[in-house]
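Trainee: Kindly return the folded structure for what I paste below:
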Amino acid sequence: MAEPRILTVPDTGAAAQAAAEMLADAIGDALTQRGAAHIALSGGTTPRQAFAILGPLVAHWDDVHVWFADERCVDPDDPEANSRLVRETLVAPGATVHRMEGELGAEAAAEAYERALADVVLDLVLLGLGEDGHTASLFPGNPALEAEGRAAPVHDAPKPPPDRVTLTRATIDGARARLLLVTGAGKVAALSATLAAPDPATPASLVRRDGLTVICDSAAAGTA
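Mentor: Numbers count the residues shown, from 1 in each chain. Modelled structure (predicted):
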């Protein structure tokens, strides 16, 4: 089994910087090689910092498509909406943003994203890691973990709100590269389980490891 590339950095700021640079490199490579770039983003405190750094690193955002790894079923102006976080932190003039329309409800939003992603291969998916081992909105024991297709509705999520939309494992694994960004001492156990043998109890451990980079700070790595 292929092993991920692991980059341990001193703190959250360094993790955000490293993630932004990897995203910028993936965008640049895709634009050069294929004329368009497709990245999928996740929410969170450290990604918020990374997005603020990322904007100026990309000279031209035209032909860059921004997708989402997951979204809560809330209004797009809700503080919990990942699309709002990206809108407020990522300065990307000319980029095409493909929002998961969570306000439509989980099923309708997943069906719309399924259609939108039909012919798309993502160049890089940015993922986070929950203390319970979830990534995107793929939670332990949730039916979405086994969903087929490109996007799936999520119900009964253990974190509010219970209804969400997520990329499926197949879509995440089908991307050209994956980046797992993990910070904070509260993630030590989850990161250790993620890097162990694949186990559905830790959904992040099921992510395809070939082409996976893990960026973690020393607190999450347990070396702080």
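
Trainee: those strands in the chain, which residues are they?
Mentor: Here the chain has its strands, by DSSP state E, at 5-9, 37-41, 64-68, 70-72, 96-97, 124-127, 151-154, 164-167, 178-182, 212-217.

Trainee: Need the CA coordinates for the first one. PDB is fine.
Mentor: The C-alpha trace of strand 5-9 is given here as PDB (Å, rounded to 0.1, in the frame of the first residue of the first chain):
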ATOM      1  CA  ARG A   5       3.800  12.100   2.100                       C
ATOM      2  CA  ILE A   6       3.800  13.700   5.600                       C
ATOM      3  CA  LEU A   7       5.000  17.200   6.300                       C
ATOM      4  CA  THR A   8       5.200  18.300   9.900                       C
ATOM      5  CA  VAL A   9       5.600  22.000  10.600                       C
END
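
Trainee: In stretch 40-60, which residues are buried?
Mentor: 40-44, 46-47, 49-51, 53-55, 58 (16 or more other CB atoms under 10 Å). All C-beta atoms are positioned from the backbone trio N, CA, C, and that covers glycine.

Trainee: So which of those sit within helices?
Mentor: Cross-referencing the buried residues of stretch 40-60 against helices under DSSP state H gives Thr46, Pro47, Gln49, Ala50, Phe51, Ile53, Leu54, Gly55.

Trainee: ok, Gly35 - how many residues close by?
Mentor: 8 (other CB atoms under 10 Å).

Trainee: Over to Gly94?
Mentor: Neighbour count of Gly94, defined by other CB under 10 Å: 10.

Trainee: Next, find the distance separating it from Ala157.
Mentor: 34 Å (CB to CB, to the nearest Å).

Trainee: Same check on His98?
Mentor: Distance from His98 to Ala157, by CB to CB: 22 Å.

Trainee: just Val97 next, same as before
Mentor: 24 Å.

Trainee: Then Gly128?
Mentor: Taking CB to CB, one finds Gly128 at 14 Å from Ala157.

Trainee: again, but for Asp78
Mentor: 15 Å.

Trainee: quick one on the thing from earlier: any chance of TSV for the buried residues of stretch 40-60, columns distance to Thr202 and pLDDT?
Mentor: Putting the buried residues of stretch 40-60 into TSV (distance: CB to CB, whole Å; pLDDT from 0 to 100) gives the following:
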residue	distance to Thr202	pLDDT
Ala40	21	99
Leu41	22	99
Ser42	17	98
Gly43	20	96
Gly44	18	95
Thr46	20	96
Pro47	20	97
Gln49	25	98
Ala50	23	98
Phe51	26	98
Ile53	29	98
Leu54	28	99
Gly55	33	98
Val58	33	98
